[in-house]
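1. Just need the structure, nothing else, for what follows:
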Amino acid sequence: MEILIRPTPDEVAATAADILSAHIRRGAVLGLATGSTPLATYRELIDRHRRGELSFAGCRAFLLDEYIGLPPGHVQSYHHTIRNEFTSHIDIDDAAVHSPEGTDPRPWEAAERYERAITDAGGVDVQLLGIGTNGHIGFNEPATSLSSTTRMETLHPQTVADNARFFDSEDEVPTHALTQGLGTILRSRHAVLLATGVGKAEAVKKLAEGPLTAAVPASSLQLHPRATVIVDEEAGALLSEKDYYRYIEAHRPSWQGHDGLPVDDAQ
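-> The predicted structure follows:
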């Protein structure tokens, strides 16, 4: 696991955009997260596209999760959110932006179809992630199986409370969602997790330096062969090995690109 510490959230976003851009230029299958943390990264990618530096025309995208019960046009559905905040502002084909079917009356079947669609696309090349205050990634809550695939999940009360800011009241927050599983995420070729703010500091320490445990679903990234965690100073405040993580980055080999691949392979 590579841990990159940046002074500010804007610099977290810029670093994440550098990594994602290297994949995008190769026509990647993107795994997209919603929530507030990735927004600055999406804005940076949009700006690069508008400046003519980046095209998404050869890319496909799969959302990480979706609320059950919200139709695609609902302002808080992730189908709507990702388009409003990101994909409608770039040159990706809208038909290439996929999300779980949260209104399917047989959600277990919708989950199976979504898992197959990811597999049929050749898997996710780069998966963008945030982290919840209780250590969840996607909607994989504590006690999630480390090998889980896309499925229905009951949201933790802490997650419902955290997400209430997007709704008029906590009572309006759906209590269930379809989410890529931890096993699905671990099959991505590169996982990039972002965290900013002091409220994420405890979760970041547990994911990176704590034990591998279903109680902290994000700790499953310790099993990922290529995971990058990008945090600001506040989110990284509790990390015990901050100096070493900075040392690793300062001594990165000259042949290694932003996405972890040899520079020659990233062209």
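2. pretty sure Asp162 is in a helix, no?
-> Yes. Counting by DSSP: H, G, I helix; E, B strand; the rest coil, Asp162 falls inside a helix.
3. who touches it in this structure?
-> Gly132, Thr133 (Cβ atoms under 8 Å, 6 or more residues apart in numbering). Using the backbone N, CA and C atoms, a C-beta is placed for each residue, glycine as well.
4. Distance check, it against Ala235.
-> 15 Å (Cβ to Cβ, to the nearest Å).
5. Repeat that for Tyr67.
-> 25 Å.
6. Neighbour count for these two, which is higher?
-> Set Tyr67 next to Ala235 and count neighbours by other Cβ atoms under 10 Å: Ala235 wins out with 28 against 24.
7. wait, isn't the more buried one in contact with Val198?
-> Yes. Using Cβ atoms under 8 Å, Ala235 is in contact with Val198, at 7.2 Å.
8. Ser148 is in contact with Leu186, isn't it?
-> No. Using Cβ under 8 Å, Ser148 makes no contact with Leu186, being 9.8 Å away.
9. All the helices of the stretch 1-150 of the chain, in order from the start?
-> Here the stretch 1-150 of the chain has its helices, by DSSP state H, counting those that start in this stretch, at 9-24, 39-50, 78-85, 107-120.
10. Please dump those helices into a markdown table; it should also carry mean pLDDT and mean neighbour count for every row.
-> Shown next, in a markdown table, are these (pLDDT from 0 to 100; neighbours: other Cβ atoms under 10 Å):
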| stretch | mean pLDDT | mean neighbour count |
| --- | --- | --- |
| helix 9-24 | 97 | 21 |
| helix 39-50 | 98 | 18 |
| helix 78-85 | 97 | 19 |
| helix 107-120 | 98 | 16 |
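11. Using JSON lines, please lay out the ones you listed together with distance to His98.
-> Compiled in JSON lines, the helices of the stretch 1-150 of the chain are given as follows (distance: least, Cβ to Cβ, whole Å):
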{"stretch": "helix 9-24", "distance to His98": "17"}
{"stretch": "helix 39-50", "distance to His98": "17"}
{"stretch": "helix 78-85", "distance to His98": "9"}
{"stretch": "helix 107-120", "distance to His98": "6"}
